[in-house]
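# This is a predicted model, with the sequence first.
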Amino acid sequence: MSETLKAEVRNITFHNPSNGWTVARVQAEGGHGSVTVVGVMPEVHPGEMVELSGCWKEHPKFGRQFEVHVCQQMMPATENGINRYLASGLIKGVGKVMAGRLVEAFGTEVLEILDSDPERLLAVEGVGRKTLAKIKESWDSQHEVRNLMLFLQSHEVSPTHAARIYQRYGNSAVDKLKDNPYELAYEIRGIAFRTADNMALKLGFATDAPQRVEAAVLYALKMATDKGHVFLPFEKLVPGVLGLLAGGQTGNGDFNSVEMEFPPDEEDWACDEYVAIGPVQVEAAVGDLSVRKKVMVEDLSAQGIERAVYLMQYYRQETEIASRLYHLIEHPTPLDIKKIHTVMPRLEASDKIELSGEQREAVLGGCENKVFVITGGPGTGKTTITRIMVQCLDEMKFRIKLAAPTGRAAKRMAEATGFPASTLHRLLQYSPDGGFAKNEDDKLKADAVVVDEASMLDVSLFLALLRSLPLTCRLILIGDVNQLPSVGPGNILADVIDSQAVPSAVLTRIYRQAQESLIVTNAHRINNGQLPENPEPPGPEHDFFWIHRQEALDIQRYILELVTERIPAAYGLDPKRDIQVLTPIHKGELGTQVLNALLQERINPHGREVKRGNTIYRVGDRVLQLKNDYDKDVFNGDLGWIETVDPDQGEVLVNFEGRMVTYESFELDELAPAYAISVHKSQGSEYPAVVMPVVTQHYVMLERNLIYTGLTRAKRLAVMIGQPRAMNIGLGRKDSRKRYTHLRYRLQEAVNR
């Protein structure tokens, strides 16, 4: 039951400025006495009065605590409270001694004097002009932060966003938000259009205000980039914008196949239900934003698109990529081709292999060309080609850098070639504050850069790489163009290949050893839109099975049985470390959330644990890092195992392949259980065994390249289980989630100029 406490803050035990998580001791009114309060709060200080709404909880170690849901800040009212407040270190130039002097001189009026007549402080011993200036500057800053907190609270915006808002706007934050709160939606990470819209409407903005329509345009374009698009055709943008303005995202925000949810007749757009906004208002907003260089509208007739609407940053990135690639290709860099032809046979003999004609041409192409692409499915020899090519470049005394988008892919690359490899972020020396140390002003010292898993490159990362390359450098991109494209906007590998502006080797031949693998042969069948074939007769000597089941709960039960009993018994694989469940979505009976909870109870049911929200983290659990954390040196997609748990402090220690990393309680949101993960999160990784459901309830995500990507993550065993109808649907959908990009055509235009 919710309760309200009015209290004076006595001391702060812990405060995380990034998310507002706070543990504090307060002196509560109403006979409660000294109380520990925990929860997301704005930055509070000793001496402050606060009004807290929340509920009582019993902590196993620390006893009774008050869990805060809402915190309303108030100025301290008593001399003792004001003394504690001023002595807390809040104001530069005021310590414990000075706080006592100020309260002694002015009593409870001191805060009002700081606001309205700070010159009076000069009468206090120890306050000179320099000290006064320091006190005034610090007090004004705190005053503005407090005003911002109160403003946000009154408009139901979480205080967790206050630090970012203040950092962005400074002392003018409240005035800025009153002027145009919609800027929150596209300038402050984590604040959605709906939050900014609610604030704006409460402040009296009209439903057809130009700022509102413009914000919806920018937010809709941002949503589209989250789906992988670099731009949207105007006719696709309109229903998405109007969906936001009418009270929510159109459908599920999927701009791949936006359905018009509004009356089709022009005169019906102006009815009250749709807040008197229609395509004309959206067109005007796009025009105004274009004039202010926030969006770019371009005629892309080559694609049959009359008006393509870009967020300006992605327009600039796409055009710069085309320009930099063109200049890299065109810049001459001599190479002794005869020496390569001499070196290759010796390297083949040393490796006890004989390259096919197709493989040899790929190696030569990578060495000879300034920019080159090697693509092919499983079993086509990409690893062998990469190793020989890198050895050839090394023999030519080239300074070589190897990289991949993920840590696991970089590790595989290093193992395959015998040369060091790193993530692209490490190679380019990414800063947590944004940007890369290696850029156009400080180039990589390299003669050749080889990038594996290039299908994962988005426009921002690829441009950062290109900026870091000296014009004398070679760039070799290696990947499987039939896999899922990058999580971020763009379709780099496919666009570069399709442009034919960059020479490439498309590997098609499956070699003898790979032909014996049903994983490999079925991956190629799936890529061609054909149903996978089961072994006849089935047995543990085979590495692929397609099991037909119809009901979701039956499939769920069978997955649990496969992971915990059948596969370990038949293949000797450890369900904790070796068997990975991949699924397209997070929710539902066959989503990651439910499957993780069920698998955890089967595989790792006992042990010390800590709970964060609805998620349990238990000693021995396999976990997935969800975002790049450069301080911890762990990256999105890294897999680890929980070594120890401290339930009292809410901390866990995770082993990332021998590297121990500690997570405090407020950092646990960076980790997710990893018995089941999404297919997208599996990109760049391989697992001894993969189990993957294929069902119609995943319809929105079912696509040929998703099924293909999931299957090709498996090294020793792949089991797909589900409905034949769902498999047919997925295999039949090759381009339904087409991305709107124009890089292919820009590259063609560049080389044909």
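Everything's here; your move. The structure displayed is predicted, hence computed values, not measured ones.
# dump the residue contacts of residue 218.
By C-beta atoms under 8 Å, 6 or more residues apart in numbering, residue 218 lies in contact with 185-186, 289, 294-295, 311. (C-beta placed from N, C-alpha, C; glycine too.)
# Take these and keep only those in strands.
Among the contacts of residue 218, the residues falling in strands (DSSP state E) are 295, 311.
# phi, psi of residue 138?
In terms of degrees, to the nearest 10, the main-chain angles of residue 138 are phi -70, psi -40.
# try residue 551
Backbone torsions of residue 551, given as degrees, to the nearest 10, read phi -90, psi 140.
# Could you report the pLDDT at it?
Residue 551 carries a pLDDT value of 93.
# neighbours around it, how many?
Applying other C-beta atoms under 10 Å, we find 11 residues neighbouring residue 551.
# Then residue 281?
Using other C-beta under 10 Å, residue 281 has 24 neighbouring residues.
# Now it. Nearest residue, chain neighbours left out?
In space, and not counting its chain neighbours, residue 281 is closest to residue 213: 5.2 Å by C-beta to C-beta, 6 or more residues apart in numbering.
# and the one you found, what does it touch?
Residue 213 makes contacts with 241, 245, 277, 281-282, 284-285, as judged by C-beta under 8 Å, 6+ apart.
# before we move on, which element is it in?
Using DSSP states H and E, residue 213 maps to helix 210-226.
# same thing with residue 51?
Here residue 51 is assigned to strand 49-59, by DSSP H and E.
# so is residue 408 in a helix, a strand, or just coil?
Secondary structure, DSSP: H, G, I helix; E, B strand; the rest coil: residue 408 is helix.
# thought it was touching residue 635?
No - assessed by C-beta atoms under 8 Å, residue 408 is found out of contact with residue 635, at 9.3 Å.
# coming back round to it: flag whichever of the contacts of residue 218 scores worst on pLDDT.
For the contacts of residue 218, the pLDDT minimum is residue 186, 73.
# which residue packs closest to that residue, ignoring adjacent ones?
Per C-beta to C-beta, 6+ apart, closest to residue 186 is residue 218, 4.6 Å.
# gap between that neighbour and residue 518?
Using C-beta to C-beta, to the nearest Å, residue 218 is found at 48 Å from residue 518.
# who does the helix or strand containing residue 719 pair up with?
Using DSSP H and E, residue 719 sits within strand 714-722. Note on strand 714-722: by DSSP bridges, its sheet partners are strand 544-548 (parallel), strand 687-694 (parallel).
# So for the shortest one, what gets flagged as buried?
In other words, strand 544-548. 544-547 (16 or more other C-beta atoms under 10 Å).
# Out of those residues, the closest to residue 50 would be?
residue 547 (57.7 Å; C-beta to C-beta).
# Output the below-cut-off pLDDT ranges for the stretch 501-650 of the chain.
Along the stretch 501-650 of the chain, the parts satisfying pLDDT under 70 run over 512-515.
# Which parts of it are strands?
Assigned by DSSP state E, counting those that start in this stretch, the strands in the stretch 501-650 of the chain fall at 504-507, 544-548, 579-583, 609-612, 615-618, 622-625, 639-646.
# Which strands and helices lie in contact with the last one?
Other helices and strands packing on strand 639-646, by 3 or more C-beta pairs under 8 Å, 6 or more residues apart in numbering; DSSP states H and E, are strand 609-612, strand 615-618, strand 622-625, strand 651-656.
# Also compute the angle for it relative to strand 579-583, please.
For strand 639-646 against strand 579-583, the angle between stretch directions is 100 degrees (axes from the mean of the first three to the mean of the last three C-alpha atoms, to 10 degrees).
# buried sites along strand 639-646?
In strand 639-646, counting by 16+ other C-beta under 10 Å, buried: 639-642, 645.
# could you redo these as a markdown table and give each row distance to residue 377?
Conversion of the buried residues of strand 639-646 to a markdown table gives the following (distance: C-beta to C-beta, whole Å):
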| residue | distance to residue 377 |
| --- | --- |
| 639 | 24 |
| 640 | 30 |
| 641 | 31 |
| 642 | 35 |
| 645 | 42 |
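# what about the stretch 301-450 of the chain, any weak spots by pLDDT?
Low-confidence segments of the stretch 301-450 of the chain (pLDDT under 70): 432-433.
# Can you show me the strands along it?
Taking DSSP E, counting those that start in this stretch to define them, one finds strands in the stretch 301-450 of the chain at 305-311, 371-376, 400-404, 421-423, 448-451.
# do the same with the stretch 51-200 of the chain
63-74.
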